[in-house]
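*Asks:* Below is the sequence, then the predicted model.
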Amino acid sequence: METIYLNKGNLAAYQDMASSNVMALGCFDGLHRGHVKVIQSALQEAMERKVSLSVMSFFPHPKTVIGGKACFHYLMPQAEKEKRLCELGVDTFYLVEFDKDFAGLSPQAFVQEYLIKLGVIHAVAGYDFSYGSLGAGNMETLKQDSGDWIDVTTVDKVEYKGEKISSTRIRQQLLEGNVEELPNLIGQSYEIKCACAGCVLTPYTNYTLPAPGRYEVTLKNKRHSMRTEVVVNEKSVMMANKNQIPIWIEGNLTIVWNRRMKAEKDQTREFFYEYTRNESSA
């Protein structure tokens, strides 16, 4: 898979190199079950037309530019998203720089410059995808905005327990500590890559930690894995039993969040108080 970081400075060059493709559109943060359905639908269209499959996403998240959110809870970094997209059969991944100029494009200008001139002959997105200034363009207007050049497939809402599966819903579940619900939304347990030093686990950027509390997790690297418990407090993650840490628990690890333990918040605060006190007296 080729990843292209697209901006207004290099757009014309990639337009010149573009060939016919089917494109899936969306932010795809977390690549949950709804996102996967969009990409699989686009892959099917690409195979039928014997053209390549592309995905277009946007960074930073539009809400940080349009909504002015200085702090945004991303579910996965771009490198992890690229890995998953490659596994889903994507040939080209366009990551568009989302700034105020891009946000101000008219719907027609977006379709002309970022779809037609990039070789898109068929666009696939969720029913609530919007584009152009103020989100004025949507899946009902895309074909018209392209002058009937682009065919359109709109993917219906994917639900769990009667509610739409969305990145927003996943973030909310994480911030409430309901990690055991996430396999039903994502298709697998939520995972975070981190660096480990002793009993301290430091998550890499653009992941969202679950709410403070005690959790049963699986820690793993390329060769080993173990089920254990960790304690989360704001931006910190600690091994709950620092006296039983195997020698391979160092360096780069993955935390797989299994379930939240039935522990009181006071116990979590007490754990971090004891850890801090012991460290300062060492």
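*Replies:* On my side now, so go ahead.

*Asks:* hey, let's count contacts and neighbours off CA atoms from now on
*Replies:* OK.

*Asks:* Correct me if wrong: Lys143 contacts Ile150.
*Replies:* Yes - Lys143 lies in contact with Ile150 (C-alpha atoms under 8 Å); the separation is 5.6 Å.

*Asks:* Ramachandran angles for Gly177?
*Replies:* As for Gly177, its main-chain torsions (degrees, to the nearest 10) stand at phi 80, psi 10.

*Asks:* So it versus Met226, what's the distance?
*Replies:* To Met226, Gly177 is 21 Å away according to C-alpha to C-alpha, to the nearest Å.

*Asks:* Kindly report the same for Glu181.
*Replies:* From Glu181 to Met226 the distance is 21 Å (C-alpha to C-alpha).

*Asks:* Between those two, tell me which one has more neighbours.
*Replies:* The residue with more neighbours, out of Glu181 and Met226, is Glu181; 17 against 12, by other C-alpha atoms under 10 Å.

*Asks:* what sits against Arg259?
*Replies:* Residues near Arg259 by C-alpha atoms under 8 Å, 6 or more residues apart in numbering: 178-180, 215-217.

*Asks:* would it count as being in a strand?
*Replies:* Yes - note on Arg259: a strand contains this position according to DSSP: H, G, I helix; E, B strand; the rest coil.

*Asks:* Model confidence for it, exactly?
*Replies:* Here, the pLDDT recorded for Arg259 equals 96.

*Asks:* who does it bridge with?
*Replies:* Glu216 (DSSP bridges).

*Asks:* Can you list the residue ranges for helices in this structure?
*Replies:* 11-17, 33-49, 62-66, 78-87, 100-103, 107-110, 142-145, 167-175, 182-186, 265-281 (DSSP state H).

*Asks:* Which residues does the fifth one contact?
*Replies:* Here helix 100-103 makes contact (C-alpha under 8 Å, 6+ apart) with 62, 65-66, 132-134.

*Asks:* try it again with 6 Å
*Replies:* Applying C-alpha atoms under 6 Å, 6 or more residues apart in numbering, the contact partners of helix 100-103 are Ser133.

*Asks:* how about that helix: buried residues?
*Replies:* Across helix 100-103, burial judged by 16 or more other C-alpha atoms under 10 Å covers 102-103.

*Asks:* Could you do the fourth one as well?
*Replies:* Of the residues in helix 78-87, those with enough neighbours to count as buried (16+ other C-alpha under 10 Å) are 81-82, 85.

*Asks:* same thing with the first one?
*Replies:* Buried residues in helix 11-17, defined by neighbour count with 16+ other C-alpha under 10 Å: 11-12, 15.

*Asks:* wait, what's in contact with Ser106?
*Replies:* Ser106 neighbours (C-alpha under 6 Å, 6+ apart): 132-133.

*Asks:* Next: Leu6.
*Replies:* 95-96.

*Asks:* So for it, what's the pLDDT?
*Replies:* 97.

*Asks:* do the same with Lys235
*Replies:* 74.

*Asks:* Check the burial of the residue lying closest to Ser20 once chain neighbours are set aside by counting its neighbours.
*Replies:* In space, and not counting its chain neighbours, Ser20 is closest to Gly119: 4.4 Å by C-alpha to C-alpha, 6 or more residues apart in numbering. Gly119 is flanked by 18 other residues according to other C-alpha under 10 Å.

*Asks:* One more: Ser167?
*Replies:* Around Ser167 there are 22 residues (other C-alpha under 10 Å).

*Asks:* Tell me the spacing between it and Gln112.
*Replies:* For Ser167, the distance to Gln112 - C-alpha to C-alpha - is 28 Å.

*Asks:* ok, now Thr153?
*Replies:* 18 Å.

*Asks:* swap in Lys222?
*Replies:* 45 Å.

*Asks:* ok, the residue nearest to Ser20 touching Met17?
*Replies:* No - here Gly119 lies out of contact with Met17, judged by C-alpha atoms under 6 Å, at a distance of 9.1 Å.

*Asks:* which sections of the stretch 51-200 of the chain are below the confidence cut-off?
*Replies:* 68-70 (pLDDT under 70).

*Asks:* can you pull out the strands in it?
*Replies:* Here the stretch 51-200 of the chain has its strands, by DSSP state E, counting those that start in this stretch, at 52-59, 92-97, 120-126, 130-131, 137-138, 151-155, 159-160, 163-164, 191-197, 200-203.

*Asks:* Any idea which of those gets closest to Lys37?
*Replies:* strand 151-155 (7.6 Å; C-alpha to C-alpha).
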